[in-house]
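Visitor: Here is a sequence with its predicted model. Questions after.
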Amino acid sequence: MVVGTRLLTEPVMTNKQRIVVEQALLGEGYEPSGPVEITLLNGCIESIEPSGSSQSRRLLAVPALADAHNHARPLSTTSFGCGGKPLESWLPQLATMPSVDAYTAAAASFARSLAGGATSVMVHLTRPMGLMPLPEEACRIAQAAHDVGVSIGFAVSMRDRNPLIYGDHSSLLPALDDNQRCIAERTWLRPSLSVSAQMALVESVAEAVESMPGHIDVQFGPTGVQWCTDELLSAIAKASALSGRRIHMHLLETVPQRTWADDVYPQGIVAHLSEIGLLSPRLTLAHCVWANSAELTTLAEAGCRIAVNPSSNLHLQSGIAPVPVMLQCGVDVAMGLDGCALDEDDDGLRELRLFNLLNQSHGFSAEAMTPTKALRAACSAGRAGLGLEAGGILAPGMPADVLLLDLSALDRDALMEVDVRDYLFSRATKSHIVEAYSRGRRVIEEGRVTGVDIATLEAELRASMREGLKAKKDVIECWLAIEESIAVHYKGCC
Ligand SMILES: [Zn+2]
């Protein structure tokens, strides 16, 4: 067993549950079935049999989604003035968000992910609340995941260079007065922990969550090559090879990152990662929007998977990931939401449709994207990166991670027999989710998350944030001065 991974030992639901649906997307092909009875036992699908009994409610069973890249942010970042800007400006601005209670923040985020169709979520904790030691905060987050009913991967954020821009920071600071410089230094430019301290912190987090209920797979979370020195990445590569601990990292998300990488690693950034031993099936890379086909082939050969985040890439002006090329190169492509769905509502079903539409071939050329490929990316491919067993497929023996969708609403005109996948891929949103099962536990009933109350959690978060923002006034003012310099830097260099 891999370090940091615990198989779920506590009871999932031990009683037998029977679900009768008019249609289900079955097996690896996600083929429509006709009426079936699905039996769940001990957290798994025990059997799926044709059913003769008719139900008053028309339901479509589909596998639940596995969100392969997320950050468990408490509220949408646009509410903090971070909307409509490139990643390089958006990311440091997140420091203007106040810290709030870690449990409430995580529970709200997980509940929204679940309401959006995901029963498993990757948490790359790039902005811990920091109000308590990280191992303790991780326990609160694990508890929140358990209460909501989602399985999580948990990557501890690691970084030690380029806090504000990729490169020399000296040009940024002259624009600031003494007071602002002071604020900038304590907000963005604090010295990083040493490599050994960062490595030790991951182990402390893993130890702390060991006794927590539910599935939590603790991982190394280097934020990206431009933010991590070679020394840090090499240490992670070595430790991962020794212990089997997984790694989760952003790579080549934006044009400025590509430009920086080509400059710093003329031999090729992926070749460099290969050289230091970072590439393996233990590695999940988020984005890779600007990876070329030679790099994608190297990643595929090493067994790395890529988590593609279509809406996030659009919101942050990063581009559109070359998913058809990734698939052609043999990469295992998974889908993530990156906390930044199209409507900032964590709707995984809308994201699935966007993923499918953005990657379609044009006209009648060979199909680059199909419902099967899209469903595999959204439901199945991400699971290994979260330390979960195979799943995301409705078949006997698979984990009972299932969504029941309102087929009457999807087939709103009810005129003729139509392949239900056409409805799924043209109109499904989270509003169609009637029930959800996570490892056999019913976690959504009548469209409502059962474990926590999202409205109450979000009301608490908004109140805390409003209070916290009062103390952030000087940081926000300082940020406005820095933001200007950041834009000048990138316009100049890229
Ligand atoms: Zn991300």
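Guide: It's in. Residues are numbered from 1 along each chain as shown.
Visitor: Show me which residues of the helix or strand harbouring A481 are buried.
Guide: Secondary structure from DSSP states H and E places A481 in helix 473-493. By 16 or more other CB atoms under 10 Å, the buried positions in helix 473-493 come out as V475, C478, W479, A481, I482, E483, S485, I486, H489, Y490. Where you see a C-beta, it was placed from the backbone N, CA and C, and this is true even at glycine.
Visitor: so where is the stretch 1-150 of the chain shaky, pLDDT-wise?
Guide: 1-14 (pLDDT under 70).
Visitor: for it, what spans make up the helices?
Guide: 87-93, 102-115, 134-148 (DSSP state H, counting those that start in this stretch).
Visitor: got the contact list for the shortest one?
Guide: Read it as helix 87-93. 77, 80-82, 85, 163-166, 188, 253-254, 256, 316-318, 479, 482-483, 486-487, 490 (CB atoms under 8 Å, 6 or more residues apart in numbering).
Visitor: Mind checking which of these are buried?
Guide: Counted by 16+ other CB under 10 Å, the contacts of helix 87-93 give 77, 80, 82, 85, 163-166, 188, 253-254, 256, 316, 318, 479, 482-483, 486, 490 as buried.
Visitor: re the thing from before, greatest separation within the buried residues of helix 473-493: which pair is it?
Guide: V475 and Y490 (21.6 Å; CB to CB).
Visitor: Give me the subset of the buried ones among the contacts of helix 87-93 lying in strands.
Guide: Assignment to strands by DSSP state E places none of the buried ones among the contacts of helix 87-93 there.
Visitor: in what helix or strand does D262 lie?
Guide: Going by DSSP H and E, D262 is in helix 255-264.
Visitor: Run through the neighbouring helices and strands of that helix.
Guide: helix 473-493 (3 or more CB pairs under 8 Å, 6 or more residues apart in numbering; DSSP states H and E).
Visitor: Near S311, how many other residues are there?
Guide: Neighbour count for S311, taken as other CB atoms under 10 Å: 22.
Visitor: Test my guess that it contacts E351.
Guide: Yes. S311 sits in contact with E351 when judged by CB atoms under 8 Å, with a separation of 6.0 Å.
Visitor: what residues do those two have in common as contacts?
Guide: The contact sets of S311 and E351 overlap at L337, A341, L342 (CB under 8 Å, 6+ apart).
Visitor: Check the spacing between the first one and L354 real quick.
Guide: Using CB to CB, to the nearest Å, we find L337 at a distance of 10 Å from L354.
Visitor: Give me the common contacts of the two.
Guide: S311.
Visitor: Out of the two, name the residue with the larger neighbour count.
Guide: It is L337, of L337 and L354, that has more neighbours when counted by other CB under 10 Å, with 32 against 18.
Visitor: separation between the more buried one and A286?
Guide: Here L337 is placed at a distance of 11 Å from A286 (CB to CB).
Visitor: Equivalent analysis for A459, please.
Guide: Taking CB to CB, one finds A459 at 31 Å from A286.
Visitor: The two - which one has more neighbours?
Guide: A286 (30 against 12).
Visitor: Export the shared contacts of S311 and E351 to TSV and append columns for secondary structure, pLDDT and distance to G29.
Guide: Output for the shared contacts of S311 and E351, formatted as TSV (DSSP: H, G, I helix; E, B strand; the rest coil; pLDDT from 0 to 100; distance: CB to CB, whole Å):
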residue	secondary structure	pLDDT	distance to G29
L337	coil	98	25
A341	coil	95	27
L342	coil	96	27
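Visitor: Nearest to V402, out of those residues: which one, please.
Guide: Comparing the shared contacts of S311 and E351 against V402 with CB to CB places L337 closest, at 19.4 Å.
Visitor: Now do the same contact list for the spatially most central residue of the chain.
Guide: Centroid-nearest residue in the chain: H69, 2.0 Å away (criterion: CA atoms, centre = their mean). H69 is in contact with 122, 124, 248, 284, 286-287, 307, 309, 334, 336-338, 382, counting by CB under 8 Å, 6+ apart.
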